[in-house]
Each structure stands twice: as C-alpha cells, then as structure tokens.
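> coords below, sequence missing:
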C-alpha cells in the first residue's frame, strides 16, 4: 500500500516519518546498531521477506541513513551513516517508552547499556536551552505557518 508522502510538510515529525515511519526501517536501523551489515543477516534476525527487505534497505540508502560498500567480497554490506547514527536518540526514546508502557510483567530484552561499563542507560530527559529539565507538560509545538 502506497502511503502519502510527507517530504514537503513543514513539520519535522512528518518529514521524519517519511524516512523512518515504515516499521521495518527502525528495526533495520536497530540491527545495524547491533553490528549487522549483511542482507542475509538482516533477513535472518528480523524474519522479513526478501522483497520487503530489499525495498527497505534501498530506501534507507536513498535517504542517507545507510551506506553500502563491499568488504572484500562481492556482496554489499550496509553500514550506518552519521545521519543514521543520529537515530540512536529515537531508538532509545522508543525503547524506554515501550519498556515503561508496553511490558506489564518484567523488563523487555535486550536492555540498553553503556558499552563502557555495561550499566543500564538513564531515562532520556528533555532540557531547555538554559539546562532546566522539562516534563512532558512543559513542551509545546508552535505552528510557524501553514500546517503543523
């Protein structure tokens, strides 16, 4: 099913969804953060159909989230770009939200930890430009012009 394009919207959330809104996209990015680089490994880890994975990987490359290269063999490897690595904040926020609200008995696995000391991450916090910690009622989406 073809979705409406948000590429020209004035809302950053809408434009972001245009790139990562398909549910497989963020799962592919999650696997890339885990060191997965090969098509077959993405397919095996995610249980995704080959044709869907092909389309999703191509889109993530076209959108500058992943880049392709060959590592001594004939097959492509997919690695995160700087733009793709910046999605770590999105993945952590979604993981922490999901852990809090979607698991009624126990914590989901895997846990998010700091690679250096293997301690679980603190909850993400919003801060104003002056450093004040903000709650969810302290933020407002202001319209600039046109739609959100």
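Looks like it arrived, so ask away. In this text, all values refer to a predicted model and were calculated from it rather than measured experimentally. Numbering: from 1, shown residues only.
> low-confidence ranges in this structure?
1-3, 109, 145-148 (pLDDT under 70).
> show me how the record splits it into domains.
The chain breaks down into these domains under automatic domain parsing: 12-84, 88-134.
> deepest in the core, which of these is it.
Greatest average neighbour count among the domains of the chain goes to domain 12-84 (a mean of 15), per mean count of other C-beta atoms under 10 Å. For the C-beta atoms, the positions are set from N, CA and C on the backbone; glycine is no exception.
> just the endpoints, please. Distance across that one?
Terminal residues of domain 12-84 are spaced 16 Å apart (C-alpha to C-alpha, to the nearest Å).
> distance between that domain and the chain's centre?
Centroid separation between domain 12-84 and its chain, computed with C-alpha atoms, centre = their mean, to the nearest Å, is 10 Å.
> repeat for stretch 107-124
Counting by C-alpha atoms, centre = their mean, stretch 107-124 is centred 17 Å from the centre of its parent chain.
> ends of that stretch, what's the gap?
By C-alpha to C-alpha, the extent of stretch 107-124 from end to end equals 17 Å.
> stretch 31-41 now?
Termini of stretch 31-41 sit 9 Å apart (C-alpha to C-alpha).
> what does stretch 42-51 give?
Stretch 42-51 has an end-to-end distance of 12 Å (C-alpha to C-alpha).
> who's in contact with it?
Stretch 42-51 is contacted by residues 24, 27, 28, 31, 34, 36, 53, 56, 57, 78 when judged by C-beta atoms under 8 Å, 6 or more residues apart in numbering.
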